[in-house]
Every structure is written in structure tokens, then in C-alpha cells.
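Undergrad: pasting the structure only:
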């Protein structure tokens, strides 16, 4: 698929050569038709199997597929094919701009691009703050240049919006030279803008570089399969399954005071504590977790799919099994369902015994547990009141 995407982009470029288009127009059209058919089949197949990502079959298939169709990656896939069906028969060269959208599909197949996307999302607040600062400097510089140069060069500095072009070219150190200050005060303002431009336009680059370095560092941490096999939730699983789980786990380094999950979060997956201490706040009470413990299963069995707030009390190293990977592994390994079910039942029983939840709430959550995670041996849910 990566080769096909790059080939379609190369085709867009080669079609702009008049001689090539004149001699090989039919080949270009044939290649576009074949690639469009492949992308269409891929999109329809992804929509059809997207129902398998939902847990326990409790969500209606049409609702599950609709939810997938409005996800970002699915919208990119749709944008890569839909324009060609909406304006069928149009000049193929007219559709070049839509074909370039297929480059966005590389995010699905490239782990590097996916990591970069996670970095941008994780650093979105810092990037937004840097963007606001840069926009403020742009308007300040253009306003200053407007006041000192408008009488001398009214054609290029006659308004602040006109001066914005000069400010942008100067801040980014591009310096086209088409618009330059000629007065002493204007040159002074220009010099200050150049200095601040070097400092502030490097901020986003530094933020992304730092975040990408942290992401790569987390990915480089190799989780030994022996460590995974010792986790109570994974005991008894085959070596192949443990190796698959180890490959899917992500390492998180958490500083004290970090909120790992919030009460409004849904479907975060499972977290395993390798070192440090985590405080889980449930019904206004705090539960302490340490190395060897895990959390996140409450999001699988609560009626609203949510879980308690979890906060790091010290520097922690966590292993994170994301929501889609967790459900995929549960689908392929019934024994894992049994392990999670047993651990969840034990934890709910402890909650009732400790007075953290009422027997009525515990019974309700066990009922949900029996529906979401039926007994893998019998294929049916157990008695939700047994442990209570």
C-alpha cells in the first residue's frame, strides 16, 4: 500500500510533463482506475471489519461501522476516493489535488508518522501557546512598521494587513527583499524583528523535537517477555501470546502528580505498574497500587465505560496496553478474558468488603462483567451475585 500511494503521487507529478501525458495518457488513466479500485476495496473492507474492534458485541454493527467512518483515518481514506466518484468523467488532471490527499494515508502505514502525530497531539498545548506568541509578535511588528513607514512607502506599508507580509517574511528569515524598510527607524524595527524571529520561531521546532525524542525513547524500551509472563493477568498464556503482548505494550515514564486517567476517560486500556506508586480514587476514597498491580479494567465493566481517576504519587514506570490492542488480544485469546474476568471479580469483591461500593452497585457491575466478558469455557456469563 505504501508503494501504491507513492506511485500515485509520482503519477500526479509525471502527468504534468506534456510529452509524457501526450504519449502515455491511456496508461495514466488505466493506472488511476486500478489504484482507485484498490483503495475503494480497502476502504470498504476496513469499514466492514471495524465492528470487530468493539467489545463483546454489545454495540450494534451499523453503529460501530458509523463510528469508524467518522474517525480521522477513515475520513482520510474516504477523501482519497470520494471525489473521483462525485465528479466522474472529469479531466483526470483536474483531480490531481485530490489525489495528493493520498499522501495522508501514509500515516496509517508508517510508524514514524504515527509517532509524530502522537507527539503533536501530546504537545498541543505548548504548540498552541507558541503559536499565540508568534501571532502576537507578527501583529506587533507589522503595527510598528506601519507607523514608521506608512508615510514613506504607502503602497507597501499603507495598512497593517499589508505590513503583515513583510513581518512574516522577516520573522521566518526568508527575506524575499520585495518589501524592505528604508527609514532609519524602520531598519531599527526590522533588526529587532529579525532577532526575535530567530528566537521565537525556533520554539515549535524545539517542542516537537523534544517530544519526538521522548516518544522514541519510550519505544526503544524493550519489555522482556519474562517480565510479562510474571504479571498475574498474563500467567498461563502461551509464549506466542506473551510475545505478542510484549510487542504491543508501550512504556510510560510518569512524574509525581501526573493524572494518568480521569473519571471522564473512556476506553483507555490497561496500565501495569512496574515501579512507583499510583493512587486510584474511587468513590472519594484512595486505593494505593504498587509494582505488580494494574488498573483500567473498571472501564471495561462499568455501565458507562468510565474508570476512576488515577494519579502518580511518585515517579512511575507503567506499561500501557491500548484499548484496540486489548480487545484484539481478548478476541484471539479466551484465556485472557478469563484472567481479566477473575481479577475483576476479585477486585469488585474487595471493593464491596471494604465498603468502597455498595453490594447493589457491585452486583450491577458484575452483571455488566458477565455480559462483557462471558465465561470463555462455557461461552455464557456466570452468576453475577456469586462473588457478592
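TA: Received it, and whenever you're ready, just let me know what you need. Bear in mind that the values here come from a model prediction, so they are computed numbers and not experimental data.

Undergrad: and after the helix or strand residue 47 falls within, which helix or strand comes next?
TA: Using DSSP states H and E, residue 47 maps to helix 18-49. Using DSSP H and E, the helix or strand that follows helix 18-49 towards the C-terminus is helix 61-69.

Undergrad: buried stuff in that following helix?
TA: 64, 65, 68 (16 or more other CB atoms under 10 Å). In this view, the C-beta of every residue, glycine as well, is placed from N, C-alpha and C.

Undergrad: contacting residues around whichever helix or strand comes after it?
TA: Once the chain leaves helix 61-69, the next helix or strand it forms, by DSSP H and E, is helix 72-79. Under the criterion CB atoms under 8 Å, 6 or more residues apart in numbering, residues 39, 42-43, 46-47, 50, 68-69, 98, 101, 104-105, 107-108 lie in contact with helix 72-79.

Undergrad: out of those residues, which are buried?
TA: Using 16+ other CB under 10 Å, the buried ones in the contacts of helix 72-79 are 39, 42-43, 46-47, 50, 68, 98, 101, 104-105, 107-108.

Undergrad: farthest-apart pair in these, please.
TA: Among the buried ones among the contacts of helix 72-79, the pair separated by the greatest distance (CB to CB) is 50 and 98, at 23.7 Å.

Undergrad: how about the nearest residue to the residue nearest to the spatial centre of the chain, chain neighbours excluded?
TA: Against the mean C-alpha coordinate of the chain, by CA atoms, centre = their mean, the closest residue is residue 118 at 4.9 Å. Among residues not flanking residue 118 along the chain, residue 215 sits closest, at 6.3 Å (CB to CB, 6 or more residues apart in numbering).

Undergrad: the one you found against residue 121, yeah?
TA: No: Residue 215 lies out of contact with residue 121 (CB atoms under 8 Å); the separation is 10.8 Å.

Undergrad: mind checking which of the two has more residues around it?
TA: residue 215 (18 against 10; other CB atoms under 10 Å).

Undergrad: check which helix or strand that one maps to.
TA: Assigned by DSSP H and E, residue 215 falls within helix 203-220.

Undergrad: and that helix, how far out from the chain's middle?
TA: Centre-to-centre, helix 203-220 and its host chain are 15 Å apart (CA atoms, centre = their mean, to the nearest Å).

Undergrad: that's a strand at residue 279, yeah?
TA: Yes: under DSSP: H, G, I helix; E, B strand; the rest coil, residue 279 falls within a strand.

Undergrad: quick one: pLDDT of it?
TA: Each residue has a pLDDT score; the one for residue 279 is 89.

Undergrad: again with the one 4 residues further on
TA: pLDDT, residue 283: 64.

Undergrad: got it, and residue 312?
TA: pLDDT at residue 312 comes out at 91.

Undergrad: ok, back up a step: please report how far the residue nearest to residue 118 lies from residue 252.
TA: Relative to residue 252, residue 215 is positioned 11 Å away (criterion: CB to CB, to the nearest Å).

Undergrad: same check on residue 274?
TA: To residue 252, residue 274 is 10 Å away according to CB to CB.

Undergrad: next: residue 270.
TA: Taking CB to CB, one finds residue 270 at 12 Å from residue 252.

Undergrad: those two: who's more crowded?
TA: residue 270 (22 against 17).

Undergrad: phi first, then psi, for that one.
TA: phi -120, psi 140 (degrees, to the nearest 10).

Undergrad: hey, what's it bridged with?
TA: In this entry, residue 270 is beta-bridged to residue 321, by DSSP bridges.

Undergrad: contacting residues around it?
TA: With contacts defined as CB under 8 Å, 6+ apart, residue 270 is in contact with 233, 294, 295, 296, 297, 320, 321, 326.

Undergrad: for residue 245, same thing?
TA: 228, 234, 237, 321, 329.

Undergrad: mind redoing it with 7 Å?
TA: The neighbourhood of residue 245, defined by CB atoms under 7 Å, 6 or more residues apart in numbering, consists of 228, 234, 329.
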